[in-house]
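Q: Just the structure for this:
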Amino acid sequence: MLIGEIVQRQSMAADGAWFARFNASRFRTAFQTIFEMDERSAPKPYAAEALCRITRGQTPVSITAFLHGMRSTRVLLADCNAMALHVRNYASLQDRPENLFLNADPRSAHKLSQVHHALAQFAAYVEDMEIPTSNVIIELTEEHALSEDALSFTAMALRKFGFGIAIDDFGARASNLVRLVALRPDYLKFDRLWLSRLLEQRESRALLASKVERLKGLGVKLVAEGLETPEQIHLTREVGIDLFQGYALQRPEPSQLYVPCRDIHRVGAAHPEVQTASMNTG
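A: Take a look at the predicted model:
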């Protein structure tokens with residue numbers, strides 16, 4: 001893979017956003033803000049997560065359908081194309097959060113030498129866009145990894161080139177603390193369904209708060225994603241989670257329309273409980 005070939009697949013659409021061609025498909029970027037807040041501060045943008053929107057002709061295609069039956073080498077190429085596109089659209093934003101979260105599929109880590117080579121070129125591309133690699137966080141999903149060795153190698157290579165590491169869907173079937181200590185991620189994104197179940201009862205929330213305390217003791221920032229109600233935001237704050245993402249705060253927006261929600265009144269107007277809690281600044 002040569003980054004020059006990937007850049008050649010990119011074009012600017014009439015609306016001003018960049019898109020990429022991948023065989024018969026077209027990739028576009030959407031962004032969703034990840035917020036930070038605590039008991040005494042208003043929500044403020046911490047990062048933007050880039051989400052890939054795929055079409056064939058005028059027909060939307062899900063990520064699952066797009067990747068179905070694809071060889072690992074093609075998954076790696078598709079990942080690199082999507083991530084490079086997202087970085088370019090992020091770099092084009094006039095108003096952007098400090099950090100960028102990108103999704104990578106660990107199934108692409110089949111030939112480890114190819115992964116290392118691809119990351120070296122991607123790191124150079126990010127720096128050419130005048131974005132520090134330390135502000136780019138790569139999300140890995142444990143359940144999709146081909147092997148423990150592949151997941152560990154990918155994490156090690158990401159760290160070598162200065163990228164942040166996030167483990168996505170933590171709490172799902174493949175998650176365990178032994179692997180967590182080995183991978184040393186910077187962020188954990190809790191599995192949405194697992195988290196919502198634990199928030200339902202007082203007893204399970206106490207267990208969650210204990211787990212959150214242990215995880216934060218490892219120096220990991222914790223992300224609650226998929227938050228859909230003000231109550232979920234309130235409860236995740238109560239148990240000590242650091243970062244928040246979901247429709248209750250801001251929906252994904254196409255890159256050409258994306259503006260981080262920096263106005264607490266804009267959040268609070270739709271979600272009074274968030275505003276009330278955030279205005280208790282003492």
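Q: measure V75 to M83 for me?
A: Counting by C-beta to C-beta, to the nearest Å, the gap from V75 to M83 is 12 Å. C-beta: built from backbone N, CA, C; applies to glycine.
Q: Give me the more crowded residue out of the two.
A: Higher neighbour count among V75 and M83: M83, with 23 against 20, using other C-beta atoms under 10 Å.
Q: quick one: contacts for the more buried one?
A: M83 makes contact with 50, 102, 104, 122, according to C-beta atoms under 8 Å, 6 or more residues apart in numbering.
Q: Name the helix or strand for it, please.
A: helix 72-92 (DSSP states H and E).
Q: Give me the mean pLDDT for that helix.
A: On average, the pLDDT along helix 72-92 is 92.
Q: That helix: what's the following helix or strand?
A: strand 99-103.
Q: what sits up against that next one?
A: Contacts to strand 99-103, defined as C-beta under 8 Å, 6+ apart, come from residues 34, 46-52, 83, 86-87, 90, 131, 135-139, 164, 166, 168.
Q: Could you do stretch 15-27 as well?
A: Contacts of stretch 15-27 (C-beta under 8 Å, 6+ apart): 6, 9-13, 28-29, 52-56, 61, 66, 77-78, 81-82, 84-85, 88-89, 92, 254-256.
Q: Now a ChimeraX select for only the buried ones of those.
A: Selection of buried members from these for ChimeraX, criterion 16 or more other C-beta atoms under 10 Å:
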select :6,9,10,28,29,52,53,54,61,66,77,78,81,82,84,85,88,89,92,254,255,256
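Q: residues contacting D168?
A: By C-beta under 8 Å, 6+ apart, the neighbours of D168 are 103, 139-142, 189.
Q: which residues does it form a beta bridge with?
A: Per DSSP bridges, the residues bridged to D168 are T141.
Q: distance of it from L177?
A: From D168 to L177 the distance is 16 Å (C-beta to C-beta).
Q: Could you dump the contacts of M83 into a markdown table and include pLDDT, neighbour count and distance to Q250?
A: As requested, the contacts of M83 are arranged in a markdown table below (pLDDT from 0 to 100; neighbours: other C-beta atoms under 10 Å; distance: C-beta to C-beta, whole Å):
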| residue | pLDDT | neighbour count | distance to Q250 |
| --- | --- | --- | --- |
| A50 | 98 | 25 | 14 |
| L102 | 97 | 25 | 18 |
| A104 | 88 | 26 | 23 |
| F122 | 94 | 26 | 27 |
